[in-house]
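Asker: for reference, the sequence and a predicted model appear below.
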Amino acid sequence: MKYLIFFLSFLPAITLAAFNDYSNINSFLLNSDINNKKVYLLLNDKRLFSKDYHPSSFKRARDEYPRYPSSMIKKGIEGYVEIGFIVNADGSTSDHKIIKSIPSNYFDENSLKEAKGLRYTKDSSFTYSINSGNNHKHRFTFNLPEGARKVPNGVFSCMELIYQDKFDEAKNCSENKIEIHSGYIIPFAMSLYYSNEKREAINLLNNLIKDPKEESFYVKALCASALTIFLFETELYDEIIELEPFLIDIRKVGYEESMLNAFYFLGVSLFYADKKVESLFYLKLTQQDSNCKISVMNSNDDIKATKAQSLYRLLPEKNCYIDVFNRTENTLKAINNII
């Protein structure tokens, strides 16, 4: 099936510095503005889209987990809350403020309460540094397990017909059920695309991923994968770049594996647009989230998992998507040769 990512195999994990194997890319970054957050993260080989936000001279010493409201679980609502604060001399935090919450207000109260219990220590593991003061940010994510996501099984039955190249059957399977659940838009749009109604298919998926009333990030993640594939195939690179803020919101909720294709195509599209730093950032993110080769910095934002990383193991309960990793590595090699 076209562009499907399957779990293939595990590789031994090794330390992987940001771009040590790409001399031209390294030189480019070293000559870029260190105050650019993306440059700063790449040069220091920090985890991209970490729950703790850099630039910062602090690292988290204690985890806090806000209560997931039962009413939100029953409704299948996911989201995240970003909170900014001051790290005090003793590692405690103060002056907590909500910077961004999606969806608004659903998780704010619980997140703000738990943020006050966060503790930090000084982080000396920076090769390159900037003076960022004592400001810091943390993101609390509310991501449901797969079995709790409110998407009818019929959506996947219709998608399975797409994988079997039964496009007319997939269209009949999904078209009349869109009013029942928005997830049916995805197999319907896919059936249109492979029936050569490409613009209509792209418009449907574009509207879905940008719909502020669509509260299922799982649906949006499924949509993003199909949409970026279609846009890249039809060479609509600018339209992929326009999706950047929507893709980021989905990723921040916790959809790493589902967004591998989307961020790869975003990274390549940004390179075509001569936005090299942004391109390298998202290609590095694709490598990181593939979970095939990881560094000590690339923990999964959990204190216990960070300590386990000292053993250089793959992140627990995550698959190695070796095809995605190799595709991205080959792309970076090509960029290194021409940058």
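Answerer: Looks like it arrived, so ask away.

Asker: centre-most residue in the chain?
Answerer: Centroid-nearest residue in the chain: R251, 2.9 Å away (criterion: C-alpha atoms, centre = their mean).

Asker: for C320, give me the pLDDT.
Answerer: Per-residue confidence (pLDDT) for C320: 89.

Asker: surely it touches Q287?
Answerer: No - C320 lies out of contact with Q287 (C-beta atoms under 8 Å); the separation is 11.4 Å. For every residue, glycine as well, the C-beta is placed using N, CA and C.

Asker: okay, these two: which has more neighbours?
Answerer: Q287 (26 against 20; other C-beta atoms under 10 Å).

Asker: now that one: closest residue in space, sequence neighbours ignored.
Answerer: Among residues not flanking Q287 along the chain, T328 sits closest, at 5.1 Å (C-beta to C-beta, 6 or more residues apart in numbering).

Asker: cool, and F58?
Answerer: Y120 (4.0 Å).

Asker: may I ask which helix or strand encompasses the one you found?
Answerer: Element membership of Y120, judged by DSSP states H and E, is strand 119-122.

Asker: that strand pairs with which strands, parallel or anti?
Answerer: Partner strands and pairing direction for strand 119-122 (DSSP bridges) are strand 58-62 (antiparallel).

Asker: buried residues, the partner strand. List them.
Answerer: Using 16 or more other C-beta atoms under 10 Å as the test for burial, strand 58-62 gives 58-60.

Asker: follow-up on the earlier one: now do the contacts for the residue nearest to Q287.
Answerer: Contacts for T328 (C-beta atoms under 8 Å, 6 or more residues apart in numbering) come out as 264, 267, 283, 286-287, 290.

Asker: how close does the closest residue to L227 other than its chain neighbours get to R149?
Answerer: Excluding the flanking residues, the one nearest L227 by C-beta to C-beta, 6+ apart is L205, at 4.0 Å. From L205 across to R149, the span is 19 Å (C-beta to C-beta, to the nearest Å).

Asker: these two: who's more crowded?
Answerer: L205 (27 against 16).

Asker: check the secondary structure at the nearest residue to the residue nearest to the centre of the chain once chain neighbours are set aside for me.
Answerer: In this structure, R251 finds its nearest non-sequential neighbour in M259, 5.2 Å apart by C-beta to C-beta, 6+ apart. At M259 the chain is in helix, as set by DSSP: H, G, I helix; E, B strand; the rest coil.

Asker: roughly how far apart are M259 and Q164?
Answerer: Distance from M259 to Q164, counting by C-beta to C-beta: 25 Å.

Asker: so between those two, which is more surrounded?
Answerer: M259 (25 against 11).

Asker: my read: the more buried one touches A221, true?
Answerer: Yes - the criterion here is C-beta under 8 Å, and M259 meets it with A221 at 6.3 Å.

Asker: of the contacts of T328, which is the most crowded?
Answerer: Neighbour count (other C-beta under 10 Å) singles out T286 as the most crowded of the contacts of T328, with 28 neighbours.

Asker: can you pull out the strands in the protein?
Answerer: Using DSSP state E, the strands of the chain run over 52-53, 58-62, 79-87, 93-102, 119-122, 135-142.

Asker: of those strands, which is nearest E235?
Answerer: When those are compared by C-beta to C-beta, strand 93-102 sits nearest E235, at 30.7 Å.

Asker: with just CA atoms, put stretch 31-43 into PDB.
Answerer: Taking C-alpha atoms only, stretch 31-43 is exported to PDB below (Å, rounded to 0.1, in the frame of the first residue of the first chain):
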ATOM      1  CA  ASN A  31      27.400  30.000  11.100                       C
ATOM      2  CA  SER A  32      23.700  30.500  11.800                       C
ATOM      3  CA  ASP A  33      22.200  32.600  14.600                       C
ATOM      4  CA  ILE A  34      22.500  30.800  17.900                       C
ATOM      5  CA  ASN A  35      19.600  32.800  19.200                       C
ATOM      6  CA  ASN A  36      17.400  31.100  16.800                       C
ATOM      7  CA  LYS A  37      15.700  28.400  19.000                       C
ATOM      8  CA  LYS A  38      15.900  25.800  16.300                       C
ATOM      9  CA  VAL A  39      19.600  26.400  15.700                       C
ATOM     10  CA  TYR A  40      20.200  26.300  19.400                       C
ATOM     11  CA  LEU A  41      18.400  22.900  19.800                       C
ATOM     12  CA  LEU A  42      20.100  21.300  16.800                       C
ATOM     13  CA  LEU A  43      23.600  22.300  17.800                       C
END
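
Asker: alright, calling it a day.
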